[in-house]
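In: Take this sequence and fold it.
(one chain, ligands or ions: 1)
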Amino acid sequence: MTTGYSFFHLAAQALGWGGATEPVFGVARAKPRYDVVVVGGGGHGLATAYYLAKEHGVTDVAVLEKGWLGGGNTGRNTTIVRADYLLPGNRDFFGHALTMWSGLSRELNFNVMFSPRGYLDLAHSDGQLDHFIRRANGLKLRGIEARVVDIETLRRLEPALAIGAEPPVPVLGGLVQDGAGTARHDAVAWGYARAAHRLGVDIVQNCEVTGFKLGGNRIAGVETSHGVIETDTVVVSTAGHSSVLAAMAGLSLPIETYAVQAFVSEPLKPILHRVTNMNIGFAYASQTDKGEIVMGGNLEPLASYAQRGSVVRIGEVASKLVHILPFLSRVRMMRAWGGIADIAADGSAIVGPTPVGGFYLNAGWGYSGFKATPAAGWCMAHTVATGKPHPLIEPFALDRFVSGALLDEGGTGPYTWLH
Ligand SMILES: Cc1cc2nc3c(=O)[nH]c(=O)nc-3n(C[C@H](O)[C@H](O)[C@H](O)COP(=O)(O)OP(=O)(O)OC[C@H]3O[C@@H](n4cnc5c(N)ncnc54)[C@H](O)[C@@H]3O)c2cc1C
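Out: Have a look, this model is predicted:
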């Protein structure tokens, strides 16, 4: 896979022999008018712009980002990509997303380092094991790979795990998805940005959206820190700030926002193959290509827009993980960081048109939206270009909170977190 520059090209540039370097993405200022304005330069917004241009020929598009590309949750997540959901709406959407990940580097001609190293969800009770059997069967019926394994198989798959059926943290088996794994989060933003820019999309960083111009009950323009931009179509893809942006268009969303944290150890030799998740509370770990162990857990307990958390949650996650990975107690932690997740009332995403004409929403992905990136962009582009929600996102419609067709994934099993 190539990123477009050879070693010799870079060396020539460094020595000043190569002429002007091609800008990878972006323009300094937005034009006064666009057919479509996408708010938010994270993976979702950039993917939407890319597929609008690539699949639908809609190239008069601007992506407005108040900071830098991928500086929101796209660059703050723990990079897990999986498709192990039970409810049909989530199952089919994320199943499609996983198939898109495997071809994404080729699609963008940019190495997003998708690494299908496998995902392992541990069962700590008979109830959880039963639930995983149901989940794996549901997935397989839809052609999505997953299997339930017993403890002997787990020991073979992950020899570093200290597991047994005894308290205080019994492990009775697990759900394995071999084609799941991780991808390099920044590369996803950069890859989509470069590919969209090459198709004619304007990407404007340091441009904050401060309001919307409405004409009747329709979008007429976007107010920004660079001035007003005329448009009749806006896609809001601002993750933890979804409800802030929606309020600017007069919409109140069934969403609350929470900080989520992650932290990472010093690099170690390869020891943990799969992304491994514990279901006593919520704590997970995976090992990066550099050798660091990346760890994360539940949301911070109180709603907030602060992109930071407390040491309490870090301590709680670490104290769970040392039960199955005892070596962690002797490993130094290097960094911790936080992002903000928008959690819808039923824990599933809110994607599609809204009661305000021309105002589309891509929100509510909580702390599970990185894996959704290619499919969310793909489906949103289809929805904007055709004026009809893509079938894969119909279950994510905002009006489910009126009709009652909720998608309560967190309520389907023994999980203790909103998912
Ligand atoms: C610690 C943590 C761990 C996570 N782990 C995982 C994981 O392992 N797997 C997974 O699938 N998901 C995970 N997630 C969730 C995932 O990161 C998000 O769901 C996903 O990145 C959302 O992408 P996005 O493009 O919608 O949002 P973002 O990347 O947040 O992009 C939104 C952008 O909008 C911009 N913006 C906001 N307001 C404005 C404005 N007024 N004007 C202009 N721009 C604006 C922001 O600056 C931001 O760059 C995790 C999240 C966190 C915080």
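In: could you pull out the strands for the stretch 201-350 of the chain?
Out: 202-204, 209-215, 218-224, 227-230, 234-236, 255-265, 275-278, 283-287, 293-303, 333-344, 350-353 (DSSP state E, counting those that start in this stretch).
In: Identify the residues contacting the fifth one?
Out: To tie it back to what came earlier, the one meant is strand 234-236. 36-40, 45, 48, 212, 219, 222, 242, 245-246, 249, 358-363, 380, 384 (C-beta atoms under 8 Å, 6 or more residues apart in numbering). In short, each C-beta sits where N, CA and C put it, glycine included.
In: Of those residues, which ones also sit close to the ligand?
Out: When contact is defined as C-beta under 6 Å from any ligand atom, the contacts of strand 234-236 meet the ligand at 39, 40, 45, 245.
In: ok, back up a step: out of the strands of the stretch 201-350 of the chain, flag the one nearest residue 369.
Out: Among the strands of the stretch 201-350 of the chain, strand 333-344 comes nearest to residue 369, with 8.1 Å by C-beta to C-beta.
In: What ranges does the chain have for its helices?
Out: 7-14, 43-56, 88-102, 104-108, 126-141, 151-157, 185-198, 242-248, 311-324, 373-386, 400-403 (DSSP state H).
In: CA-only coordinates of the longest one in CSV, if you can.
Out: Same thing as helix 126-141. Output of helix 126-141 as CSV, limited to C-alpha atoms (Å, rounded to 0.1, in the frame of the first residue of the first chain):
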residue,chain,number,x,y,z
ASP,A,126,-23.7,-18.8,32.7
GLY,A,127,-26.1,-15.9,31.8
GLN,A,128,-23.4,-14.1,29.8
LEU,A,129,-22.4,-17.3,28.0
ASP,A,130,-26.0,-18.0,27.0
HIS,A,131,-26.2,-14.4,25.8
PHE,A,132,-23.1,-14.8,23.7
ILE,A,133,-24.5,-18.0,22.1
ARG,A,134,-27.6,-16.2,21.2
ARG,A,135,-25.6,-13.2,19.9
ALA,A,136,-23.2,-15.5,17.8
ASN,A,137,-26.2,-17.4,16.3
GLY,A,138,-27.9,-14.1,15.4
LEU,A,139,-24.8,-12.8,13.7
LYS,A,140,-24.1,-16.0,11.8
LEU,A,141,-27.7,-16.0,10.5
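In: for that helix, packing partners?
Out: helix 88-102, strand 119-123, strand 147-150, strand 173-177 (3 or more C-beta pairs under 8 Å, 6 or more residues apart in numbering; DSSP states H and E).
In: Now do the same for that helix: mean pLDDT, whole number.
Out: Mean pLDDT, helix 126-141: 96.
In: What residues of that helix count as buried?
Out: Of all the residues in helix 126-141, those buried under the rule 16 or more other C-beta atoms under 10 Å are 128, 129, 131, 132, 135, 136, 138, 139.
In: The fourth one now?
Out: Taking 16+ other C-beta under 10 Å as the neighbour-count basis, helix 104-108 is seen to contain the buried residues 104, 105, 107, 108.
In: how about the nearest residue to the last one, chain neighbours excluded?
Out: Once flanking residues are discounted, residue 108 sits nearest to residue 191: 3.9 Å by C-beta to C-beta, 6 or more residues apart in numbering.
In: tally of neighbours for the one you found?
Out: 26 (other C-beta atoms under 10 Å).
In: what do you get for residue 288?
Out: 17.
In: who in this structure is up against the ligand?
Out: 39-45, 64-67, 71-74, 76-80, 208-209, 237-239, 241, 245, 260-262, 296, 339, 341, 365, 367-371.
In: Any regions of the stretch 301-419 of the chain where pLDDT drops low?
Out: 412-419 (pLDDT under 70).
In: same thing but 80
Out: For the stretch 301-419 of the chain, the stretches with pLDDT under 80 are 309, 410-419.
In: Could you list the domains of the chain?
Out: 25-80+185-253+346-412, 116-180+257-344 (automatic domain parsing).
In: could these be laid out in JSON lines, adding distance to residue 91?
Out: Formatted as JSON lines, the domains of the chain follow (distance: least, C-beta to C-beta, whole Å):
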{"stretch": "domain 25-80+185-253+346-412", "distance to residue 91": "9"}
{"stretch": "domain 116-180+257-344", "distance to residue 91": "6"}
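In: and stretch 56-71, which residues are buried?
Out: 58, 59, 60, 61, 62, 63, 64, 65, 66, 69, 70, 71.
In: no, scratch that, I was asking about stretch 160-179
Out: 160-161, 163, 169-177, 179.
In: pull the CA atoms of that stretch into PDB?
Out: Once non-C-alpha atoms are left out, stretch 160-179 reads as follows in PDB (Å, rounded to 0.1, in the frame of the first residue of the first chain):
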ATOM      1  CA  ALA A 160      -1.200 -14.500  28.700                       C
ATOM      2  CA  LEU A 161      -4.700 -14.400  30.200                       C
ATOM      3  CA  ALA A 162      -4.900 -15.600  33.800                       C
ATOM      4  CA  ILE A 163      -8.400 -17.100  33.600                       C
ATOM      5  CA  GLY A 164     -10.300 -19.800  35.500                       C
ATOM      6  CA  ALA A 165     -13.800 -20.600  36.600                       C
ATOM      7  CA  GLU A 166     -13.100 -19.500  40.200                       C
ATOM      8  CA  PRO A 167     -14.200 -16.300  41.900                       C
ATOM      9  CA  PRO A 168     -13.600 -13.400  42.200                       C
ATOM     10  CA  VAL A 169     -13.500 -13.000  38.400                       C
ATOM     11  CA  PRO A 170     -14.700 -16.300  36.900                       C
ATOM     12  CA  VAL A 171     -14.300 -16.700  33.100                       C
ATOM     13  CA  LEU A 172     -16.500 -19.400  31.600                       C
ATOM     14  CA  GLY A 173     -15.800 -18.800  27.900                       C
ATOM     15  CA  GLY A 174     -16.100 -16.000  25.400                       C
ATOM     16  CA  LEU A 175     -17.400 -14.600  22.100                       C
ATOM     17  CA  VAL A 176     -14.700 -14.300  19.400                       C
ATOM     18  CA  GLN A 177     -14.900 -12.300  16.200                       C
ATOM     19  CA  ASP A 178     -11.800 -13.200  14.200                       C
ATOM     20  CA  GLY A 179     -12.200 -10.500  11.500                       C
END
